[in-house]
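**Q** I need the structure of the sequence given here:
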Amino acid sequence: NPDMCLLFSARSVVLLLLKLYTGLLPFMPLKETHLEIFVPAHLVKLFGHKMGDKWWHSVLGNIASALLIRPALFDHLAKRGIQTYLWVMNTEEDIKSAFDSGATGVMTDYPTLLRDFLEKNPQYVQHQKFS
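**A** Numbers count the residues shown, from 1 in each chain. Next up is the predicted model:
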């Protein structure tokens, strides 16, 4: 069904990044309609204590975030009509950085915080970006 929304799988996110960093992304077809990804550095912050707070967890999280959370990637996907959502953004700083990186939207455990942030920062409300 061509009207059905399709999310990138973990495998297709890896392939997307390979296409991006090899320069092939503009020339490759994409069947997915939405990129919904977590921010690796945030997962380390949230769950690092459960994994023993190893120093290399933080390093890997930051490297993975630097490779994955790219304004150029999000801009390219938006031009192709693919919406991008980041999770879990639970602070105003996280929400701002997500929108500044070019994400279409964010997911949060605190919807009131997001609403308040968007009311204070209407420049991040994009009604016409996708139709």
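
**Q** drop to CA atoms for contacts and neighbour counts, all remaining ones
**A** Noted.

**Q** tell me, what residue is most central in the protein?
**A** Leu86 (3.5 Å; C-alpha atoms, centre = their mean).

**Q** so after the worst-scoring helix or strand of the chain on mean pLDDT, what's the next helix or strand?
**A** Least confident helix or strand of the chain, by mean pLDDT, DSSP states H and E, is helix 40-47 with a mean of 71. Counting by DSSP states H and E, the next helix or strand C-terminal to helix 40-47 is helix 55-68.

**Q** can you pull the alpha-carbon coordinates of whatever helix or strand comes next after that following helix into PDB?
**A** For helix 55-68, the following helix or strand on the C-terminal side (DSSP H and E) is helix 71-79. Extracted as PDB, the C-alpha positions of helix 71-79 are listed here (Å, rounded to 0.1, in the frame of the first residue of the first chain):
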ATOM      1  CA  PRO A  71      21.700  18.400  10.000                       C
ATOM      2  CA  ALA A  72      22.800  17.500   6.500                       C
ATOM      3  CA  LEU A  73      21.100  14.100   6.700                       C
ATOM      4  CA  PHE A  74      17.900  15.500   8.200                       C
ATOM      5  CA  ASP A  75      17.800  18.300   5.600                       C
ATOM      6  CA  HIS A  76      18.300  15.800   2.700                       C
ATOM      7  CA  LEU A  77      15.600  13.500   4.000                       C
ATOM      8  CA  ALA A  78      13.200  16.500   4.400                       C
ATOM      9  CA  LYS A  79      13.800  17.500   0.800                       C
END
